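In: A predicted structure for the sequence below; I have some questions about it.
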Amino acid sequence: MRTLPCTAIALALAVGLLSASPADARRVYRFVDTQQPPVSLDISPGLAQTMAQNDAAAANPQPGQPPVAPSNGVPPPMQVRSIGTNVDGEREVLLEQAGQPGNTAAIRWQNQAGDPTVLFQVGQTVQFDQTPSEGHNGLMARDPQGRPLTHIPAPYPPAQGGY
């Protein structure tokens, strides 16, 4: 009869010790920063090809042809075609290069308070320039009068298919 109370006490002590041991001491935590920039610019393959052709023409000017300015990663002026919300719930502005229907781009915002597209209007021309903002490199989208519409931060190194 004496073994039952001793076994019960030993079991209670073992359970108490196991529950009191820090479980976090055995775990390894790995923090991966997968945060996407709040604003992104995705360009179509046609627009990327046009920008690459302009860069090649600027690097190798043809005799008798007017000089071409290199793009330096800056899209040409584009017109706003539509403003809306995509299937992922992101607000977006769809852009198209005038006279080049295959040259498109999309400015997308995720997790933004309010409506970040309020400064854009359908038919408006948007110009881009490389302007650092708040200590970050990237592109600044501007209206035809030069007023800033939004800052698009430079992408993180692993990003592909977007600015």
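Out: That came through fine. Numbering: from 1, shown residues only.
In: what about the nearest residue to Asn72 once chain neighbours are set aside, distance to Gly138?
Out: Counting by CB to CB, 6 or more residues apart in numbering, Asn72 lies nearest to Gln130, which is 6.8 Å off, once chain neighbours are set aside. (C-beta placed from N, C-alpha, C; glycine too.) According to CB to CB, to the nearest Å, Gln130 stands 8 Å off from Gly138.
In: ok, now Asn111?
Out: Computed as CB to CB, the Asn111 to Gly138 distance reads 18 Å.
In: Could you list the low-pLDDT ranges of this protein?
Out: Scanning the chain for pLDDT under 70 picks out 1-6, 8, 10-37, 132-136, 155-163.
In: Would you map the helices across it?
Out: All helices of the chain, identified by DSSP state H, fall at 3-20, 45-59.
In: what sits up against the last one?
Out: Helix 45-59 is touched from outside by 43, 65, 67-73, 75-76, 97, 100, 102-105, with contacts defined as CB atoms under 8 Å, 6 or more residues apart in numbering.
In: Now with 6 Å, please.
Out: The contact list for helix 45-59, computed with CB atoms under 6 Å, 6 or more residues apart in numbering, reads Val68, Pro70, Ser71, Gly102, Asn103, Ala105.
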